[in-house]
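Sequence and predicted structure are below.
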Amino acid sequence: MKRFFLIATASVLLFGACSKNEVKTEDNLIGFGSYTGLSTKANDTFVTNLVGKHFGVYAYALKNTAFADGIATSTPGFMTNVDVNYDGPECVNYSPLRYWPADNSNKLSFYGYYPYGDAKIIAIPDKATVGMGEYGFSAVTDPTQMTDFMVSDVAADQYYTKGDTEHNGVVNLNFHHLLCQVRVGAKMTLDVNDPSTVVKFYSVTFNNVNSKGTVALDAAKAIDSDWTSTTPANYTISTEAKTMIEKNLAVPDDGTSKVSETVLLTNTEAENNGVFLMIPQTTPADATDAQKVTATIVYGYSTDGGVEVIDTITTSPFTLEWLINKVYTYIFNIDFSAAGGNRAIKFTATVDNWDPNKDIIIGL
């Protein structure tokens with residue numbers, strides 16, 4: 001009997017090492033600066049710097065009403081999905097240009113989203129949208145085509161005063177990742193230290209994961225926005241045979257350890273290093289097994305250079321609790337040990353009895 005263990009661990013993508021753009025302008029032209037949270041993981045290749053990229057901007061003119069007091073009934077008529085081609089601090093690379101009101105009591109409030117014009121963003125607010133509005137997003141199943149969807153906090157109640165270093169005409173937008181990262185790792189367990197046993201993972205598929213969602217933006221903090229997800233789909237980390245994921249999992253030769261080190265499975269052809277950027281979602285408490293998620297793993301194993309056996313396992317249904325801006329690593333443990341069902345091939349030998357003695361008489 002095959003026994004398979006699914007272990008899920010989560011860590012948080014931290015906002016650290018941010019460099020806020022502090023710049024000055026000598027006229028009342030509205031310029032933009034931006035910064036994003038830099039990952040603490042060295043192998044993350046997602047967006048950490050928006051220079052050279054496009055983001056969309058919305059702006060509200062609430063006159064002398066504070067943004068927090070007026071957003072519920074306001075529309076983004078001052079700027080509606082304006083394409084900012086961000087070329088660095090004090091950016092004015094957008095059209096048509098906007099200018100600060102001469103009366104500082106007429107304050108403006110701004111936020112941005114990234115990336116501008118991406119086909120995976122399937123719905124955006126328009127000029128008539130009341131409040132912050134919603135975005136629709138579709139997470140594609142191709143791990144090489146992920147999009148790092150981000151929205152900034154609102155830069156609220158902004159105004160310009162010439163010579164004022166704080167109100168210097170530049171709107172600083174702090175962007176947050178609104179999706180979650182899902183990574184895959186693997187290890188194996190053996191009863192004895194057996195470096196001749198090799199396990200290779202070829203693909204991992206998450207079945208029945210919601211692929212589309214709508215996020216209602218939070219006016220106070222973008223990272224507190226609320227997702228609703230739909231449309232189940234399957235997500236596979238794999239490549240063509242010539243570039244298959246192929247990580248040898250060997251038990252460390254320390255004389256005591258029976259569990260291999262965890263190996264992150266990597267799609268070497270993918271910019272995102274085998275990581276899914278997924279819509280945050282939580283499995284309902286009353287979900288049936290058919291509504292839950294399973295994982296299908298294709299792996300091969302061989303011993304002492306022998307013929308590789310390809311095996312496929314599908315886990316029991318499990319639930320998800322994927323939250324905004326979190327990193328989740330699913331570690332699949334192929335267990336060859338006695339505790340895991342003792343999958344070692346065993347032999348029992350018997351010897352048949354001799355046939356009864358038979359005399360043969362030969363005449364002379």
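Alright, I've got the coordinates.

part of a helix, is D69?
Yes - assessed with DSSP: H, G, I helix; E, B strand; the rest coil, D69 lies in a helix.

Could you tell me the model confidence score at it?
According to the prediction, D69 has pLDDT 97.

same question, P252
On pLDDT, P252 comes in at 59.

One more: E261?
Model confidence at E261, given as pLDDT, is 70.

Any idea how many residues pack against it?
As a burial measure, E261 scores 11 neighbours (other CB atoms under 10 Å). Heads up, the C-betas are built off the backbone N, CA and C, glycines and all.

State the distance from it to A295.
According to CB to CB, to the nearest Å, E261 and A295 sit 21 Å apart.

ok, now K221?
For K221, the distance to A295 equals 33 Å [CB to CB].

cool, and K187?
Distance of K187 to A295, given as CB to CB: 15 Å.

now A233
From A233 over to A295 the distance is 14 Å, taken as CB to CB.

Name the residue in those two with the higher neighbour count.
Using other CB under 10 Å, the more surrounded residue of A233 and A295 is A295, with 21 against 15.

What strands line up against the helix or strand hosting G213, and which way round?
Element membership for G213 (DSSP states H and E) is strand 197-216. Using DSSP bridges, strand 197-216 pairs in its sheet with strand 134-138 (antiparallel), strand 226-237 (antiparallel), strand 294-303 (antiparallel).

got a markdown table for these, with distance to L217 and mean pLDDT too?
Compiled in a markdown table, the strands paired with strand 197-216 are given as follows (distance: least, CB to CB, whole Å; pLDDT from 0 to 100):
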| stretch | distance to L217 | mean pLDDT |
| --- | --- | --- |
| strand 134-138 | 7 | 98 |
| strand 226-237 | 9 | 93 |
| strand 294-303 | 32 | 86 |
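
Can you add distance to L50 and give those back as CSV?
Output for the strands paired with strand 197-216, formatted as CSV (distance: least, CB to CB, whole Å):
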stretch, distance to L50
strand 134-138, 18
strand 226-237, 23
strand 294-303, 34
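
secondary structure element for the residue nearest the centre of the chain?
The chain has Q181 as the residue nearest its centroid, 1.8 Å off, counting by CA atoms, centre = their mean. Assessed by DSSP H and E, Q181 sits inside strand 180-189.

do P76 as well
Per DSSP H and E, there is no helix or strand for P76.

okay, stretch 196-210 in PDB with CA atoms only?
Extracted C-alpha coordinates of stretch 196-210, given in PDB (Å, rounded to 0.1, in the frame of the first residue of the first chain):
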ATOM      1  CA  SER A 196      22.000   4.500  -4.600                       C
ATOM      2  CA  THR A 197      18.200   5.200  -4.500                       C
ATOM      3  CA  VAL A 198      17.400   8.200  -6.700                       C
ATOM      4  CA  VAL A 199      14.000   9.900  -6.900                       C
ATOM      5  CA  LYS A 200      13.300  12.400  -9.700                       C
ATOM      6  CA  PHE A 201      10.200  14.600  -9.700                       C
ATOM      7  CA  TYR A 202       8.900  15.400 -13.200                       C
ATOM      8  CA  SER A 203       5.800  17.300 -12.600                       C
ATOM      9  CA  VAL A 204       3.400  18.500  -9.900                       C
ATOM     10  CA  THR A 205      -0.200  19.500 -10.700                       C
ATOM     11  CA  PHE A 206      -2.600  21.300  -8.400                       C
ATOM     12  CA  ASN A 207      -6.100  20.200  -9.400                       C
ATOM     13  CA  ASN A 208      -9.300  22.300  -8.800                       C
ATOM     14  CA  VAL A 209      -7.600  25.600  -7.900                       C
ATOM     15  CA  ASN A 210      -9.700  28.700  -8.600                       C
END
